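Colleague: here's my sequence, what's the structure:
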Amino acid sequence: MGTYYPIGMDRRNLIDYLSVDRDDYRKRYCSGNTLWVWHSGKGGTDDWIGCYLLTCYRAGGVSEWGYKPMDENMHPFYYSCPKSWFDDVPVVCEEWRAGVVSHWERKAERRRAKRKPMSNPRNRKLKATAKGSFTHG
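Modeller: Residues are numbered from 1 along each chain as shown. Okay, the predicted model is just below:
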């Protein structure tokens, strides 16, 4: 599959074109230039997850936004899809979903590591006083 460039679309319009403007739209999530759309199937069953890689082609001072469509059965090598959708959307590719769960676990671990104070032996010697100032103890 190639990349499609609808005529005259900016990024915002393209995102709407691929999501809210469609009859089968349920939810969307954009991570950088990767757009995830939860599409509903016939009669509310057979829902599926679409991955759209957004790209901008610039020539002669004009920008044209386009997209490359994929879905779960293609096993896209992009893993920023919201894992909360998995409870309600039927599994198509178990291996890809495991990659998505792993991606979000690694991201949460990095966030936890950033919040953790660094251990510094000098910090143990400081004691907080009642007014929030510190004394050596």
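Colleague: now do the longest helix anywhere in the chain: everything it contacts.
Modeller: When the chain is parsed with DSSP state H, its longest helix is helix 94-115. Helix 94-115 is contacted from outside by 72, 75-76, 79-81, 83, 86, 91, using C-beta atoms under 8 Å, 6 or more residues apart in numbering. All C-beta atoms are positioned from the backbone trio N, CA, C, and that covers glycine.
Colleague: ok, now stretch 42-60?
Modeller: By C-beta under 8 Å, 6+ apart, the residues outside stretch 42-60 that reach it are 3, 5, 11, 14-15, 18, 26, 33-41, 63-72, 74, 76, 78, 81, 85, 88-90, 92.
Colleague: what do you get if the cut-off is 7 Å, keeping everything else the same?
Modeller: With C-beta atoms under 7 Å, 6 or more residues apart in numbering as the test, stretch 42-60 has contacts from 3, 5, 11, 14, 18, 26, 33-41, 63-72, 76, 78, 81, 85, 88-90, 92.
Colleague: about what we covered before: biggest separation within the contacts of helix 94-115, which pair?
Modeller: Pairwise distances across these peak at 18.3 Å for S80 and V91 (criterion: C-beta to C-beta).
Colleague: distance between the longest strand seen in the chain and the chain's centre?
Modeller: Taking DSSP state E as the criterion, the chain has its longest strand at strand 48-59. Distance of strand 48-59 from its chain centroid, counting by C-alpha atoms, centre = their mean, to the nearest Å, is 13 Å.
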